[in-house]
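Asks: Give the three-dimensional model of this entry:
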Amino acid sequence: MTKRNCTINGRQFVAIDYKDTEFLHRFLNSQGKIYPPKRFGVTARCQRMLTRAIKRARYMGLLPFVVR
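Replies: Here you go, the predicted structure:
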């Protein structure tokens, strides 16, 4: 087994900002669902931060809840 590096920690992020919609949109599929952590090799801690930021952006109206 090889240890995979987290794609978010590799970019030297301190916190994931909910206002950075271009970055967050990469982690959503065409239906607007959040990809699982294994897809991008994200650690559990970063996945929690990512999910929280996506949900905040949805609540503020920056990201859609459902793509039609």
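
Asks: so which helix or strand takes in the residue most central in space within the chain?
Replies: The structure's the chain has its C-alpha centroid closest to Leu50; by Cα atoms, centre = their mean the separation is 3.9 Å. Using DSSP states H and E, Leu50 sits within helix 44-60.

Asks: Contacts for that helix, please.
Replies: The contact list for helix 44-60 (Cβ atoms under 8 Å, 6 or more residues apart in numbering) reads 6, 8-9, 13, 15-19, 21, 24, 27-28, 34, 37, 42, 63-65. All C-beta spots, glycine's among them, are computed from the backbone N, C-alpha and C.

Asks: ok, now with 10 Å
Replies: 6-9, 13, 15-21, 23-28, 32, 34-38, 40, 42-43, 62-66 (Cβ atoms under 10 Å, 6 or more residues apart in numbering).

Asks: Got a quick PyMOL command for the buried subset of the residues you listed?
Replies: Buried members of the contacts of helix 44-60 can be picked out in PyMOL with the line below, counting by 16 or more other Cβ atoms under 10 Å:
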select buried, resi 6+7+8+13+16+18+21+24+27+28+37+40+42+63
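
Asks: Just the ones in helices from the contacts of helix 44-60, please.
Replies: Using DSSP state H, the members of the contacts of helix 44-60 that fall in helices are Thr21, Phe23, Leu24, His25, Pro37, Lys38, Phe40.

Asks: For the lowest-mean-pLDDT helix or strand in the chain, which outside residues touch it?
Replies: Least confident helix or strand of the chain, by mean pLDDT, DSSP states H and E, is helix 37-40 with a mean of 88. By Cβ under 10 Å, 6+ apart, the residues outside helix 37-40 that reach it are 4, 6-8, 26-27, 29, 43-44, 46-48, 50-51.
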